[in-house]
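> Need the 3D shape of this:
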Amino acid sequence: MARTKQTARKSNGGKAQGRVSITDPGKLKIRIPAQTVRAHVDVSSPHEVKNDFCVLCRDGSENLVLFTCDECPRVICTRCIDVPSNYLGELKKTDVKFRCVLCHTALMKKLNDQTPYYGFFRDAQPVLPFFLPVRVQLETSKRSEISASHILIIHFKLVDHVTTGSPVDIIHQFLAPYFPYGGLRKLDVVFDLGTPSKVKGYNEKCMELAKDVIEQDYYKSVCIVITTHTDDDRGDPFIGRKQGDKSGYVSSSVPEFLNVLFKPWQDAITRAKDTTMFFMGCGAIVNNTESFRDLRLSVLNSKLSSAVAFTAPHFQPSFTCHLVVAFAEHVLIEGFPLREAFPEILGHSYRLGMHTDIILMTRSETNGAATLQCTRYAWSHATARPWGSLLPLQCPQCGCISKWNFSRDSDKYIFECSYRGCGHGRGTKKLPPKRYTFQCPEGAKRLVPGKRHNAGWLEVPLDFSQPNNVTTFSDM
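Numbers count the residues shown, from 1 in each chain. Predicted structure coming up:
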């Protein structure tokens, strides 16, 4: 006998009990429950410009001297460069300038020249009579830094939604060791916007919390994560429950939801140099043409620097842990722009590609006009996801779970059911074996990071200038 059991669902999709408008909070004065907004404050301190950890070993110690580069925010420790002890006092004088290894290599590249690395200079002349020995290998890119710029993480969570194993907790734990003197703050904001009175309560609580955030510190980077369900048909995000109703959730349009959610936090968003949003909901929000259009407009109107969404119909946020940790390392710590670093980030997350495609949206401004560049990243596997498309596990014509016969015609991949009786149903007209043909998406580029023998990531630009362009990804 087949055994069955029930477990808590991890995916973020379903049917909303209804769609409501939340733009008018009304006049009722019912307070939002105290536990609906929770703040977890770890550390904070005045804004620090220079790095706290050595760019070579990515470490620090109370027993080492950290030399601060005068040309960039980086620092290098005396474990990585061999500074003679008899010169240490001379090198600490205020008229001596230090140039780190990475600035030296950048200068040599600019001058198209090679000179020994002396490190310390006075009036543009080396202080040491010999070159400065470097003891270690560079563990990161030559353009990286170990940033100490302060980071704010805001996790918006739908009320009563289980977030066990959330990637937000993982990213926070990964970042914490980089901020021993403060500068990292994580806020857990549980929202229930199902009625106008709850919206008003949310605004009151979050306005007070956001004011405290702004007054206490300056955060150069803000990472926003939204964990909620989305309606399977419309792509509307779930916003909470109706008053006294525990049986199900209601949803609203994407613009209404994000306008209300971000309104108390808009100053914190606009003050930051970079604000990235991860929408941890099921793919209906991007698979539905109207909701995806609304999402893109909302990203622009909210002045977010970038946004990431996922196409899986039953998306599981816990699968993104490798992705968000790589984002934290390459973007928040090493300081690379998200779009530039995204291929490398995906290289850490190839298994995620078997679960979902990823949509990256990045904002740019030209002559005061803001535009949004959108790209789909799809995992391409020769036999499971040819050209980033889904090949069924079971033949829908004969019901067999078997190997597909593969052939190739130029850049087209052709798969045909290997069952001899496919299409020979009882009492039905004889049909040819089931066949699928896949072709490389227009403008797609294969990425090197994460590439395997017969698989790799595809980068597919999305063009919404033509009204008839495809904007759904569930079958692509």
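> Every contact and neighbour count from this point should use C-alpha atoms.
OK.
> helices and strands around the longest helix anywhere in the chain, which ones?
For the chain, the helix that runs over the most residues, judged by DSSP state H, is helix 196-216. Applying 3 or more Cα pairs under 8 Å, 6 or more residues apart in numbering; DSSP states H and E, one finds that helix 196-216 makes contact with strand 37-40, helix 266-271.
> After the helix or strand bottoming out on mean pLDDT in the chain, heading C-terminal, what element do we hit next?
When the helices and strands of the chain are scored by mean pLDDT, DSSP states H and E, strand 37-40 comes last with a mean of 33. Once the chain leaves strand 37-40, the next helix or strand it forms, by DSSP states H and E, is strand 66-68.
> Let me know how buried residue 410 is, in neighbour terms.
The local packing of residue 410 (other Cα atoms under 10 Å) involves 7 other residues.
> try residue 107
Using other Cα under 10 Å, residue 107 has 13 neighbouring residues.
> Let's verify it: helix, strand, or coil?
Counting by DSSP: H, G, I helix; E, B strand; the rest coil, the backbone at residue 107 sits in helix.
> how far away is it from residue 73?
Residue 107 sits 16 Å away from residue 73, going by Cα to Cα, to the nearest Å.
> likewise residue 389?
44 Å.
> Repeat that for residue 255.
39 Å.
> how about low-confidence regions in the stretch 1-150 of the chain?
1-49, 61-62 (pLDDT under 70).
> Show me the helices in the chain, by range?
In the chain, the helices defined using DSSP H lie at 88-91, 101-111, 167-175, 196-216, 254-262, 266-271, 284-287, 289-301, 321-327, 338-347.
> Of those, flag the one that's most buried.
Comparing the helices of the chain by mean neighbour count (mean count of other Cα atoms under 10 Å), helix 284-287 comes out on top with a mean of 28.
> Can I get that helix in CSV, CA atoms only?
Taking C-alpha atoms only, helix 284-287 is exported to CSV below (Å, rounded to 0.1, in the frame of the first residue of the first chain):
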residue,chain,number,x,y,z
ALA,A,284,2.7,33.9,-11.6
ILE,A,285,3.8,37.5,-10.9
VAL,A,286,6.1,37.3,-13.9
ASN,A,287,4.3,34.7,-15.9
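> Please name every helix or strand in contact with it.
So helix 284-287, by 3+ Cα pairs under 8 Å, 6+ apart, packs with strand 230-231, helix 289-301.
> Could you report the separation of the nearest residue to residue 108 once chain neighbours are set aside from residue 106?
The shortest distance from residue 108 to any residue other than its chain neighbours is 5.7 Å, reached at residue 114 (Cα to Cα, 6 or more residues apart in numbering). To residue 106, residue 114 is 11 Å away according to Cα to Cα.
> if we can go back for a sec, list just the one of the helices and strands packed on helix 284-287 that sits closest to residue 207.
Residue 207 lies closest to helix 289-301 among the helices and strands packed on helix 284-287, at 19.6 Å (Cα to Cα).
> Identify whichever of the helices of the chain lies nearest to residue 151.
helix 167-175 (9.2 Å).
> Any idea how far that closest one is from the middle of the chain?
In terms of Cα atoms, centre = their mean, to the nearest Å, the centre of helix 167-175 is found 12 Å from the chain centre.
> Repeat that for stretch 298-305.
Averaging C-alpha positions (Cα atoms, centre = their mean) puts stretch 298-305 15 Å from its chain's average.
> just stretch 449-469 next, same as before
Relative to the chain's own centre, stretch 449-469 is displaced by 17 Å; criterion: Cα atoms, centre = their mean.
> ditto for stretch 348-368
Chain-centre distance of stretch 348-368: 8 Å, with Cα atoms, centre = their mean.
> With stretch 178-196 instead?
17 Å.
> wait, doesn't residue 371 sit right on residue 306?
No. Using Cα atoms under 8 Å, residue 371 makes no contact with residue 306, being 11.2 Å away.
> shared neighbours of those two, anything?
residue 363 (Cα atoms under 8 Å, 6 or more residues apart in numbering).
> Who has more neighbours out of these two?
Neighbour tally, residue 371 and residue 306, criterion other Cα under 10 Å: the higher count belongs to residue 306, 24 against 15.
> How about that one, nearest residue that isn't a chain neighbour?
residue 362 (4.2 Å).
> Tell me the confidence at that neighbour?
Predicted confidence (pLDDT) for residue 362: 96.
> Please report the distance of it from residue 254.
Look at residue 362 and residue 254: by Cα to Cα, they are 18 Å apart.
> For residue 248, report the pLDDT, please.
Residue 248 is given a pLDDT of 83.
> is it true that it touches residue 241?
Yes. Contact criterion Cα under 8 Å: residue 248 and residue 241 qualify, at 6.5 Å.
> So for those two, which sits in the more crowded spot?
More crowded of residue 248 and residue 241, by other Cα under 10 Å: residue 241, with 24 against 13.
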